[in-house]
Every structure is written in structure tokens, then in C-alpha cells.
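Enquirer: Give the three-dimensional model of this entry:
(chains A and B)
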Amino acid sequence: MFRRFYAPITLCVAALVSALLYSVFLRVPNDEWLGPIQRILYFHVGSALAAYVAIFAVFVGALVHLATREPWCDALMEAGGELALLFCSIVLATGMIWGYTAWNTPFSFEPRLVTFLLLWFIFLSFNLLRIFGDRTRLANHSAVLGIIGTLTVPLVIYSIDFTQVQLHPKVIGKGGVKDPLMSETLRFGMITLILFQLFLLWFRTKIALLHKRLDERGDHD
Amino acid sequence: MRAIFILFQKDLIHERNSGELILVSVTLCLLLGTLTAFGLREAVLAPEAIDRTFGTLVWLLFLFSGMLVSVRLLDSDLRDSAYQALLLSGASPTQLFLSKALFGGILLLALHALQFAILYIFLQPTFSPQILLFFLISVCVVCCFVSLSLLLSAIAEHSRLKAVLFPILLLPVLFPVFFGALSTTQDLFLNQQFDLTSFWVEALPALALVYLGLGVSLFEYVILE
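Expert: A predicted model of the protein is given here:
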């Protein structure tokens, strides 16, 4: 049913990502204080939101799987888990580059940074479970770990309010970006990366479902 | 409730007959506590440094020995499909989880107390330990630990990397609890204060309830096929 939409959706996403790259590298001015390295912010914030969306997909997949045992839920968890790890890695890598320039240290044991690293570890362990777990119970086990892992996300989001000692700025909530062109690009980057993530999620879920069908056919043969 | 105590009794009787969990874990606690204490003494740390590191040491040792103990908690029941037999006999997964959590919780609390005593005797910190308040913190942490470790050890039990996968699954999700335990213990030992309105003092019991609730509702999915 969706086959005829593959090409237009892929083209739309490619156009959006190209527009984002054009905006970030050719349109937005350099930051007065940080210089060109500030451009990493447009990918850093958007990737963090994309990671949250992927984690939410794991959570939805886990809950629906435990209720219905539909095969697409396991496929969604598999895709969501991989994308959560990918986008958490992007957030950590871009954050380290930013941190080294802005604060003179790539990492600091400060709540937001530590808890995001923790999210990365949770989804690393989730993916390790997908690789090494018991095949016959993998969907159930992934669902349980997915639910437990997702419960850590609110801690990450609100961790910035817990303590007084903070390096990580609250850019979005406190309107830290003043230049209208910068804030417009930041918003565009967030929307584009979320849409890109949803596209990847959809694509990866379809692949996981095809794998499952092939495995089932192989079992029957 | 009665079924939970009967299952708890079953664990106690099994432990009395085999002694595999208590003997091994007590020996392990004594060894770890003594080695850590002597290691620090050997490093000739100043009394202030010992005071500052004491809380962290207590929880690190608990984490290490707790993981080794909890990976064995479900071993006898998952071996030879004993859980399937218990389920067929009419016990519900919730009862199985609660009885095992009660057994594991009591065992881990006892080991934690033993380790605390060893470290306190050997390291002789200068602060006065507020035992009752520390016990309350420990109950919350043990509750979180045992709930999560029962779920995750059952998951790791059937994997190809059984012994390695369990700590990999447990440690990241346990981190908020560990962070809370460290924060409240440092406040209690070093600053001699227990602020009921502080974030972690409120969060630890809430996390204990959340994880216990998760354990009760999700346990059946990890033991059933």
C-alpha cells in the first residue's frame, strides 16, 4: 500500500535535510563568541529530540507488544532501539565537540551530561540484548527492558533542574538563542531531524518486518 | 499474602538445605569488605579522606556483591523449569516475584549491614553513623535493586552471554538509584543532615515504589515464553 509513497517521501526528506545543511552552513552567521563551531548546536539539539522520539517509539512498541503480541511491535522496538543509540551517540559526540570549545572540557560530571551518557548505555545494552538475547523470548525481554529504560528519560529531561552546579545551558526553555535567523534555523533543524528520524524509523521497521517474514518462511521450509 | 509467605518459606528451606547463596555471599562480603578496608589503610589516607569516601565505598561494595548474589537468586527456580511447575501448582507470577523480592531483599539488607560493619570497624571514620536513617535509605535502595535485578537476571538467564549480560543490563538502569543513594548518604554522614524535602530523599522511595510496581507487572513476561 505504501510502496508508491516510498519515492516521494524519500525525496521530501532528502530535500529537507539538504535545506537544513544549506541553512546551517551557508545562511546562518557565525556566533560572535564561539565562531563556526556554534553551528553544531543545530544538529545537537535536533538529534537529542530525535533520540527522545526513538525512545518513545521503543516505549510504544513495548507496551503494544505486551498487550497484543503483534509482530510489528517487535520490529518497531528493534528499529527504535537502534535509532535511539544512533541519535544518542550523535548528541554525545556533538556535545563533546561543543563542550571542548565552549567550556574547555569534552565532558563534565554534571547531571544532564551524565544522564544522557546513561541513556546511551541503556540503549547500548538494549541493542546487546537484541544481539545476544534468547531468540524465543526476545520480544518480551526487549519490551521489559524498553519500558524500564524509557522511565529514565524523564530523569534526563528534568535533571538540569536538580542541582545548582551546571555547565549545560537550558537553551530552548530560556530562549538562549537571540538572533532570529539562528533561532529559526534551530527550530527548522529540530523539525527536520525529527522527520528524518521518523523516516528512518519507518524504513528500519519495514526491514525488520521483512526479516521476520523471511525467518518465519525459513522455519517453515 | 499467605501464598507469598509459603513461597518465601520454600526459598528459606531450599537455602537451609543447600546453603549455596548465604555461605557464598557472606564469604564474599567479608572478603570484599576486608580487602577494600586494608587497601585504603595501606594507602595511608587521611581521616578526612576516609570520611569523604566512606559512603561511596559502602555503596560500591553493595553494588558489586549485590550483583553477584542476585544473579544467583533465580538460578534454582529457572533451572529445570521449576517456575513452570510452581505456576502450574497455582502460584501467580506476582506471588512468585514478591516472595523472591522479599527473600532477596532480606538477604541483601543483611549483607549490606555486614559490609557496613566491616568497613566501619576497619576504617574507623570520624563521623557518627545515623544508623536508623541510613537503614531507611538502604531499604529503598535494596527495594529498587532487588526489583530490577530479578527482572533483568531472568532476562539474562536465557541469553548466550548470561553472566556478562546481567551487569550490562542492570548497571545503566540502576544508576539513578545509585546516584540518589550516594547523594543522601554523603549528606547524612558528612553533613549530618537528612533534609526530607531534598530531591533524592523524596525520589528514592518513589523510585522504589515504581520499580516494585514494574517488577510486579512485568515479571510474568520475563519468565513465561
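Enquirer: which bits of chain B sit near chain A?
Expert: B:148, B:151-152, B:155, B:158-161, B:165, B:168-169, B:171-173, B:175-176, B:179, B:199, B:210, B:214, B:218, B:221-222, B:224-225 (CB under 8 Å from any CB of the partner chain). Glycine gets a C-beta too; all of them are placed from N, C-alpha and C.
Enquirer: Mark which of the residues you listed are buried, thanks.
Expert: Listed as buried from those are B:148, B:151-152, B:155, B:158-159, B:165, B:168-169, B:171-173, B:175-176, B:179, B:214, B:218, B:221-222; burial here means 16 or more other CB atoms under 10 Å in any protein chain shown.
Enquirer: next helix or strand past the helix or strand of chain B with the lowest mean pLDDT?
Expert: When the helices and strands of chain B are scored by mean pLDDT, DSSP states H and E, helix B:75-78 comes last with a mean of 76. Going down the chain from helix B:75-78, the next helix or strand is helix B:82-88, by DSSP states H and E.
Enquirer: Please save the CA atoms from that next one in CSV.
Expert: Provided in CSV are the C-alpha atoms of helix B:82-88 (Å, rounded to 0.1, in the frame of the first residue of the first chain):
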residue,chain,number,x,y,z
ALA,B,82,10.9,-25.1,38.5
TYR,B,83,8.9,-21.9,37.9
GLN,B,84,6.7,-23.6,35.3
ALA,B,85,5.9,-26.2,38.0
LEU,B,86,5.1,-23.5,40.5
LEU,B,87,2.9,-21.7,38.1
LEU,B,88,1.1,-25.0,37.3
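Enquirer: so where's the chain shaky on pLDDT?
Expert: Picking chain A for this. A:1-2, A:156-178, A:219-221 (pLDDT under 70).
Enquirer: please go with chain B instead
Expert: B:225.
Enquirer: Helices of that one, start to end?
Expert: All helices of chain B, identified by DSSP state H, fall at B:2-18, B:20-42, B:47-73, B:75-78, B:82-88, B:93-123, B:131-157, B:162-190, B:199-223.
Enquirer: returning to that earlier point: same question for the least confident helix or strand of chain B: list its buried residues.
Expert: Applying 16+ other CB under 10 Å to helix B:75-78 flags B:S76, B:D77, B:L78 as buried.
Enquirer: Give me every residue in chain A lying close to chain B.
Expert: Near chain B, when you scan chain A using CB under 8 Å from any CB, you find A:66, A:114-115, A:118, A:121-122, A:124-125, A:128-129, A:132-134, A:136-137, A:140-141, A:143-145, A:147-149, A:151-152, A:155, A:162.
Enquirer: out of the residues you listed, which are buried?
Expert: Buried among the residues of chain A next to chain B by 16+ other CB under 10 Å: A:66, A:115, A:118, A:121-122, A:124-125, A:128-129, A:132-134, A:137, A:140-141, A:143-145, A:147-149, A:151-152, A:155, A:162.
Enquirer: Among those residues, which are located in helices?
Expert: Checked against DSSP H, these include these in helices: A:66, A:115, A:118, A:121-122, A:124-125, A:128-129, A:132, A:140-141, A:143-145, A:147-149, A:155.
Enquirer: about what we covered before: any idea which of the helices of chain B is most buried?
Expert: Each of these was assessed for mean neighbour count using mean count of other CB atoms under 10 Å in any protein chain shown. The highest is helix B:131-157, with a mean of 22.
Enquirer: just checking, what packs against that helix?
Expert: helix A:138-150, helix B:47-73, helix B:75-78, helix B:93-123, helix B:162-190, helix B:199-223 (3 or more CB pairs under 8 Å, 6 or more residues apart in numbering or on different chains; DSSP states H and E).
Enquirer: Only alpha carbons, please: show the shortest one as PDB.
Expert: Which is helix B:75-78. Only the C-alpha atoms of helix B:75-78 are listed here, as PDB (Å, rounded to 0.1, in the frame of the first residue of the first chain):
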ATOM      1  CA  ASP B  75      19.000 -19.700  39.400                       C
ATOM      2  CA  SER B  76      17.500 -22.600  41.200                       C
ATOM      3  CA  ASP B  77      13.900 -21.700  40.100                       C
ATOM      4  CA  LEU B  78      14.700 -21.100  36.500                       C
END
